[in-house]
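Student: For reference, the sequence and a predicted model appear below.
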Amino acid sequence: MCKNEYNKDINKLFSKWIECHANDDNFVNNSWDKIEKDSFWYDGIIDYECYSKAKIRILFIAKEADAKHSNHEEASKPHSCLDWYNNLIYPQNYSRKYEDKVKMREKIARMAYYILNMSPEIDEEKRRIPTQEEYLDALKYVAIMNINKRGGSSSSKWKMLKSYVEDYGEKIKAEIEIIKPDIIICLGTRKLLQDILNTINIQYIDMWHPGIWGRSLKKYDNAPKYVSDFNVNRYMNEFFERAKTI
């Protein structure tokens, strides 16, 4: 797969997806109220040149962008979820810093670094404590996608998301196939995606959504301190346990 082919295929898919949004008869059941019917949030590979060179191609799948609380003037216009990640990687290219109180992007970046550096030559402990420069660089080598392309809110409605997957499952699967990952990290989405995962031969890790607050993870009170931020540290300790399956 080359960059031009990827762009052609992903844009063709998204064009059809946008058209389906506009003509969706089940809109009231598979979308949030006050989110426009034709709202669409692009996602995919963050940096194609980096992703194509990655030893392990990683795709993170989350639920939906927080369109209701976004700072965009018109949430109904097509926007890119990738801007949120590029804002962390390349802050000099943006006029403002996007808010991320629970450090979702840092958690994803640290998970990416850990998997990308799976090698007998790299010490296990080193993989768990990357520098900021190292984990931000790792974020360039992954792909990100949300299930609900219309966007949602800061919390999710399971019944609504399930309805969206039932209506747009073929397109969700098609995007995964275009991105061609070696491994999928389900960010609180495994149950929603299980039927799709059963039809593709791709290894996956069932992980919590990175928006979870660390203070609720009491079992990690005495866990190793890899990160000074207790919220990130507790989340990453859980990830290290689940990553043992790969």
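Tutor: That came in fine, so what should we check first?

Student: Partner strands of the least confident helix or strand in the chain by mean pLDDT, with direction?
Tutor: In the chain, no helix or strand scores lower on mean pLDDT, DSSP states H and E than strand 79-80, which sits at a mean of 88. Strand pairing for strand 79-80, using DSSP bridges, gives strand 41-42 (parallel).

Student: Can you check which helix is longest in the chain?
Tutor: Of all segments of type helix in the chain, defined using DSSP state H, the longest is helix 158-179.

Student: Just the CA atoms of the helix or strand following that helix, as PDB, please.
Tutor: Next along the chain after helix 158-179, taking DSSP states H and E as the criterion, comes strand 183-187. In PDB, the C-alpha atoms belonging to strand 183-187 read as follows (Å, rounded to 0.1, in the frame of the first residue of the first chain):
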ATOM      1  CA  ILE A 183      -2.600  -5.200  16.000                       C
ATOM      2  CA  ILE A 184      -5.700  -3.400  17.300                       C
ATOM      3  CA  ILE A 185      -6.000  -1.800  20.700                       C
ATOM      4  CA  CYS A 186      -9.700  -1.600  21.600                       C
ATOM      5  CA  LEU A 187     -10.200   1.400  23.900                       C
END
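
Student: what does strand 183-187 rub up against?
Tutor: With contact meaning C-beta atoms under 8 Å, 6 or more residues apart in numbering, strand 183-187 is reached by 56-63, 108, 111, 115, 176, 193, 197, 202-210, 246. Any C-beta I mention is one placed from the backbone N, CA and C, and that applies to glycine too.

Student: taking those residues one by one, which sit in strands?
Tutor: Mapping these onto strands (DSSP state E) picks out Ile58, Leu59, Phe60, Ile61, Ala62, Lys63, Gln203, Tyr204, Ile205, Asp206, Met207.

Student: ok, the last one - contacts?
Tutor: This points to Met207. Each residue near Met207 by C-beta under 8 Å, 6+ apart is listed here: Met111, Ile185, Cys186, Leu187, Gly188, Glu238, Phe239, Arg242.
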